[in-house]
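Peer 1: sequence and computational prediction follow.
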Amino acid sequence: MFHNMSKVFRFTFFNYIKQKSYKTATVIFAVLLFAVPVAVFLIIGSIQKDEDETEREYRTEKVYVINHEVEDVNYNLMNMNGMYGDHALLYVNAASVEGALEEIEENGEDVSLVMEIYESNDRMYGRIILPDESSISEDEADHFDDYLDGSGYLFSVLASGTSVDDMTKVSAPVSSDQYSVSGYEKGTDLFSDQDALNEQNNEEILPVFQMFLILLSSLIIYMIIIFYGQGIMQSIVLEKSSKLMDTMLISVTPEAMIAGKFLGVLSAGILQLFLWIISLVAGVIGGVKLEEIFFGGRSIAIIEFVKSFKALHLFSVSGVILGIVTMVLGIVMYTAMAAFCGAISENRETVASNQGIFMMVVLISFYLVMFCGINSESAPLWLYIVPFTAAMILPSGAVTGLVTPLIGCISFVLLLVFTAAITIMAGRIYKIMALYKGNKINVFKAVKMLFKK
């Protein structure tokens, strides 16, 4: 039945990959998929480094406070709210701005600020004065100003002269610990129990990660099916309209012709896809390594998440194999449908109308996966069984452990049988259409012709 299919496959495959547009697209996207993750990691590392350096620039150690309303106030209680980070400031009361500036100059202090507090229209106002010889930058003075704005209530209470004892009670932070049920029984809080903490983080991250993989794999498969499916239809119709198939069918069976043709084109597409995946993985690994070299490994959270894959049952060897095989088989199934639509088309004009059925099946399947399967925890089982939807959702379900090996094997067998059946039907209708001279044919009429003796 599939005699000389390998010859058709090799001829189609090598002709396709030799095209200049194919080579250009492959190289450009491979470079982009490698460069983008590297750039993202380096940019993140650079931003984090700048933030760290900015934090290190905050070298203010002492603040002279002039309060014209209340003279003796312990402003050091401001350090209790923790809004200025771990950096504690020393607050000193002063009688006047001039006196504070003179004391700063006499002591040679270059990391001190002066703040004047006054009341106007029943409201508290403040002025921050940066000494002439100060090494404190204007950005740092702005940061201190923002800090005061953020803790304005506390500062206003202090400036009003509230007693230290009352202020201590008001500003003292309330400490609390978090426990799991088992941790509470053992007296171990959640952050001391690292295993419980990791388990909690994994439970929060896993559904989001699974949803992302379902969306990503479905989109990739959808785009490949659309792009290469249309190419296969056009290729089959072009040969038919040029009568090239009449010569080829002398030495090649129709089933072998159809299978070799769409598998050749599809193999070129899958080769292109895997080259892009390799480039993307290499870009992520390279980006992490370069970020560690240049910026000290601030993306450690990503590495820790990858290390947890085994505990989360993600990307197991069997799951990856099943995912790759079902992804390829699913794409083959849809492109076999495209080949069938091409086989029943007499010319380029009729293929446009016939491909509407193919497109409708692809779109309905895609949106069923998006609406019913994007929430991995509640995805119905039939999505993984029906070949049309399984082709899009099963690969991600396999690598993330959402489907059991039994369901995966059942879905694989159904995909295989359905793909073989469509391929055989496409080959037979291809042969029938070689001699067909009647009215315009559609899918339903073509199926009837298949069962006529």
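Peer 2: Perfect, I can see it now. Numbering: from 1, shown residues only.
Peer 1: state the distance from the spatially closest residue to S112 that is not a sequence neighbour to E109.
Peer 2: Computed as C-beta to C-beta, 6 or more residues apart in numbering, the closest residue to S112 that is not its neighbour in sequence is K62, at 4.2 Å. Backbone N, C-alpha and C define where each C-beta goes, glycine included. Distance of K62 to E109, computed by C-beta to C-beta, to the nearest Å: 6 Å.
Peer 1: any idea what the residue nearest to S112 is bridged to?
Peer 2: With DSSP bridges as the criterion, K62 is bridged to L90, S112.
Peer 1: show me where this protein has strands.
Peer 2: For the chain, strands defined by DSSP state E occupy the ranges 62-67, 90-93, 112-120, 123-129.
Peer 1: closest one to V417 among these?
Peer 2: Nearest to V417, of all the strands of the chain, is strand 123-129, at 77.5 Å by C-beta to C-beta.
Peer 1: can you list contacts of that closest one?
Peer 2: Contacts of strand 123-129 with the rest of the structure, by C-beta atoms under 8 Å, 6 or more residues apart in numbering, involve 97, 101, 113-119, 141, 144-145, 148, 155-156, 159-160.
Peer 1: can you dump the C-alpha atoms of that strand in PDB for me?
Peer 2: What follows is the C-alpha trace of strand 123-129 in PDB, where atoms were taken according to Å, rounded to 0.1, in the frame of the first residue of the first chain:
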ATOM      1  CA  ARG A 123      -0.700  71.300  59.600                       C
ATOM      2  CA  MET A 124       2.800  70.000  60.100                       C
ATOM      3  CA  TYR A 125       5.400  70.900  57.400                       C
ATOM      4  CA  GLY A 126       9.000  70.000  56.900                       C
ATOM      5  CA  ARG A 127      12.100  71.200  55.100                       C
ATOM      6  CA  ILE A 128      15.100  69.000  54.300                       C
ATOM      7  CA  ILE A 129      18.400  70.900  54.000                       C
END
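Peer 1: which positions in stretch 206-216 come out as buried?
Peer 2: 206, 209-211, 213-214 (16 or more other C-beta atoms under 10 Å).
Peer 1: can I get those in CSV with pLDDT?
Peer 2: Written out in CSV, the entries for those read as follows (pLDDT from 0 to 100):
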residue, pLDDT
L206, 72
F209, 78
Q210, 79
M211, 84
L213, 82
I214, 85
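Peer 1: in these, find the pair that's most separated.
Peer 2: Spatial extent of the buried residues of stretch 206-216 (C-beta to C-beta) is set by the pair L206 and I214 at 12.5 Å.
Peer 1: where does L238 land on pLDDT?
Peer 2: Per-residue confidence (pLDDT) for L238: 69.
Peer 1: same deal with P405?
Peer 2: The predicted structure scores P405 at 83 on the pLDDT scale.
Peer 1: and for A301?
Peer 2: Per-residue confidence at A301 stands at 54 (pLDDT).
Peer 1: for E349, same thing?
Peer 2: In this prediction, E349 has a pLDDT value of 69.
Peer 1: against I232, how distant is I66?
Peer 2: I66 sits at a distance of 82 Å from I232 (criterion: C-beta to C-beta).
Peer 1: which of the two has more residues huddled nearby?
Peer 2: Comparing I66 with I232 by neighbour count (other C-beta atoms under 10 Å), the higher total belongs to I232, at 27 against 21.
Peer 1: now T253: how far from E291?
Peer 2: Here the distance between T253 and E291 works out to 55 Å (C-beta to C-beta).
Peer 1: show me which of those two is the more surrounded one.
Peer 2: Between T253 and E291, counting by other C-beta under 10 Å, E291 is the more crowded of the two (24 against 20).
Peer 1: ok, I220 to I277 distance?
Peer 2: Counting by C-beta to C-beta, the gap from I220 to I277 is 9 Å.
Peer 1: neighbour count winner among the two?
Peer 2: Summary of the neighbour comparison: I220 and I277, criterion other C-beta under 10 Å, with I220 having more neighbours (18 against 13).
Peer 1: contact partners for the more buried one?
Peer 2: Taking C-beta under 8 Å, 6+ apart as the contact definition, I220 lies against L273.
Peer 1: can you check the pLDDT for it?
Peer 2: Note for I220: predicted pLDDT of 81.
Peer 1: could you shift the numbering so residue one becomes 36, and keep it that way?
Peer 2: With the count now opening at 36, the last piece we talked about shows up as I255.
Peer 1: check what pLDDT the nearest residue to D107 once chain neighbours are set aside gets.
Peer 2: Spatial nearest neighbour of D107, excluding adjacent residues (C-beta to C-beta, 6+ apart): N128 at 6.4 Å. According to the prediction, N128 has pLDDT 88.
Peer 1: counting neighbours, what do you get for N128?
Peer 2: If you count neighbours by other C-beta under 10 Å, N128 ends up with 15.
Peer 1: give me the below-cutoff pLDDT ranges for the stretch 386-488 of the chain.
Peer 2: 411-412, 469-488 (pLDDT under 70).
Peer 1: likewise the stretch 236-385 of the chain?
Peer 2: For the stretch 236-385 of the chain, the ranges with pLDDT under 70 are 236-239, 273-286, 289-290, 331-343, 346, 382-384.
Peer 1: which stretches of it form helices?
Peer 2: 279-283, 289-330, 335-342, 352-378, 383-407 (DSSP state H, counting those that start in this stretch).
Peer 1: nearest to V71, out of those helices?
Peer 2: Proximity to V71 (C-beta to C-beta) singles out helix 289-330 among the helices of the stretch 236-385 of the chain, at 6.6 Å.
Peer 1: packing partners for the closest one?
Peer 2: Contact here means 3 or more C-beta pairs under 8 Å, 6 or more residues apart in numbering; DSSP states H and E; on that basis helix 289-330 packs against helix 40-52, helix 55-92, helix 229-276, helix 352-378, helix 440-469.
Peer 1: who's in contact with S446?
Peer 2: With contact set as C-beta under 8 Å, 6+ apart, S446 has these partners: 361, 419-420, 422, 425, 429, 438.
Peer 1: closest to I457 among those?
Peer 2: Distance to I457, by C-beta to C-beta, is smallest for P422 among the contacts of S446, at 9.6 Å.
Peer 1: residues in contact with the closest one?
Peer 2: Going by C-beta under 8 Å, 6+ apart, P422 touches 365, 368, 446, 449-450, 453-454.
Peer 1: so how far is L450 from the nearest residue to F453 once chain neighbours are set aside?
Peer 2: Of all residues beyond its chain neighbours, the one nearest F453 is P422 (4.5 Å), with distances taken as C-beta to C-beta, 6+ apart. With distances defined as C-beta to C-beta, the gap from P422 to L450 amounts to 5 Å.
Peer 1: what touches both of these two?
Peer 2: With C-beta under 8 Å, 6+ apart as the test, P422 and L450 both reach 365, 368.
Peer 1: ok, and what's touching stretch 392-403?
Peer 2: By C-beta under 8 Å, 6+ apart, the residues outside stretch 392-403 that reach it are 253, 257, 260-261, 264, 268, 369, 372-373, 376, 418, 423-424, 426-427, 478.
Peer 1: can you tell me which of those is closest to E106?
Peer 2: The shortest approach to E106 among the contacts of stretch 392-403 belongs to S253, at 69.9 Å (C-beta to C-beta).
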